[in-house]
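> based on what follows, work out the 3D shape:
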Amino acid sequence: MLHNETRDAMADGDRIPKVLVVDDEPNIRELVEVALKFHGCAVAVSSTGKDALRQADAYQPDLMVLDVMLPDMDGFEVCRTLRADGNDLPVIFLTARDTTSDTIRGLTLGGDDYVTKPFSVEALVARVRAVLRRTARGAGDDGQPEDTLLRVGDLELDEEHWVVRRAATLVELSPTEFRLLAYLMRNQGRMLTRQQLLENVWGWEFAGQSQVVETYVSYLRRKLDPLGPPLIHTQRGVGYSLRPPPDAERAGR
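Residues are numbered from 1 along each chain as shown. Modelled structure (predicted):
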């Protein structure tokens, strides 16, 4: 029964999600492929970075599980190339490395999650499901359409078209920056803890990487603050909240 529920949760309606698994170790590649197929995904596999880039274009997957240590180019370079080409394909890094610097590097490049070897197959499947759920734009967890246009003061975020403007100026954001800003805007005025942000933006169920949140909040501030008064506020030791400047609040009354 548990497996059937998991299989149902992986699908978006009747659509089967497509996952590209990239790893040069055949046993790990096969293990992940079998597990994801069992849980309702269509799976393609690759053993090199160059082939992964080719399949990302040809196969059009919904998500890539990407090993960092590949024989021709590392997974970070694969992700960097995807983002440089304008491809926002969600990426879960899979690697034996577990240092904070590697985690920060992978996520800064536009990765969506980071799983270290050795790993539990069920844990990886849960991460895949979480990322697929987060990146299914235009519908909430209950299947009902969400309001895809968010506004706070002079800040506007269009979730359907992935466009952000402040004071009518277009703001270029990475996929992770975009998701973090959208979550802050949907919860405007609320003080959100680092744990809440990790769970809802990155899908992590632990607070061990809170500096990732701090890093991305600083990225957002660097892009938004030059265009107007600060919108993201810090409560030391607690978390962050996004709220309009006092003048904008009074104008909206």
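> so who does Ile92 touch?
Going by C-beta atoms under 8 Å, 6 or more residues apart in numbering, Ile92 touches 63-66, 111-115, 124, 127-128, 131. Bear in mind the C-beta positions are built from the backbone N, C-alpha and C, glycine included.
> which among the residues you listed end up buried?
63-66, 111-115, 124, 127-128, 131 (16 or more other C-beta atoms under 10 Å).
> just the closest of those residues to Ala44, please.
Distance to Ala44, by C-beta to C-beta, is smallest for Met64 among the buried ones among the contacts of Ile92, at 9.7 Å.
> about what we covered before: looking at the buried ones among the contacts of Ile92, which are in helices?
124, 127-128, 131 (DSSP state H).
> ends of stretch 77-91, how far apart?
Criterion C-alpha to C-alpha, to the nearest Å; first-to-last residue distance in stretch 77-91 is 12 Å.
> now do it, average pLDDT.
Average pLDDT, stretch 77-91: 91.
> start the count at 50, not 1, going forward
Noted, 50 is the first residue going forward, which turns the last one into stretch 126-140.
> check what pLDDT the spatially most central residue of the chain gets.
With distances taken as C-alpha atoms, centre = their mean, Asp161 lies nearest the centre of the chain, 3.6 Å away. You'll see Asp161 listed with a pLDDT of 77.
> before we move on, back to that, could you dump the ones in helices among the buried ones among the contacts of Ile141 to a markdown table with pLDDT and distance to Leu204?
Shown next, in a markdown table, are those (pLDDT from 0 to 100; distance: C-beta to C-beta, whole Å):
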| residue | pLDDT | distance to Leu204 |
| --- | --- | --- |
| Leu173 | 86 | 36 |
| Arg176 | 82 | 30 |
| Val177 | 88 | 32 |
| Val180 | 83 | 26 |
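> Asp207: which of those residues is nearest?
Val180 (21.4 Å).
> let me see the contact set for the closest one.
112, 139, 141, 161-162, 252.
> now with 10 Å, please.
Each residue near Val180 by C-beta atoms under 10 Å, 6 or more residues apart in numbering is listed here: 66, 68, 111-114, 139-141, 160-162, 251-252.
> how close does it sit to Gly238?
28 Å (C-beta to C-beta, to the nearest Å).
> again with Cys128
34 Å.
> quick check: domain ranges of the protein?
51-184, 198-300 (automatic domain parsing).
> quick check: mean pLDDT across the last one?
Yep, that's domain 198-300 we're talking about. Mean predicted confidence for domain 198-300 is 85.
> okay, strands next: where are they in this structure?
Along the chain, counting by DSSP state E, strands occupy 67-71, 91-95, 112-116, 140-144, 162-165, 198-201, 204-207, 212-215, 218-219, 241-242, 281-284, 288-291.
> just checking, Leu80 touches Val92?
No. Between Leu80 and Val92 there is no contact under C-beta atoms under 10 Å: 11.5 Å.
> those two: who's more crowded?
More crowded of Leu80 and Val92, by other C-beta atoms under 10 Å: Val92, with 19 against 16.
> quick check: the more buried one vs Ser223, distance?
For Val92, the distance to Ser223 - C-beta to C-beta - is 26 Å.
> next: Cys90.
For Cys90, the distance to Ser223 - C-beta to C-beta - is 25 Å.
> of the two, who's got more company?
Taking other C-beta under 10 Å, Cys90 and Ser223 do not tie; Cys90 has more neighbours (24 against 17).
> show me the helices in the stretch 200-302 of the chain, by range?
Here the stretch 200-302 of the chain has its helices, by DSSP state H, counting those that start in this stretch, at 224-235, 243-246, 259-273, 295-300.
> need the winner for burial among the ones you listed.
helix 224-235 (a mean of 21; mean count of other C-beta atoms under 10 Å).
> just the angle for that helix relative to helix 259-273, thanks.
Between helix 224-235 and helix 259-273, the angle comes out at 80 degrees (axes from the mean of the first three to the mean of the last three C-alpha atoms, to 10 degrees).
> all good on my end, thank you.
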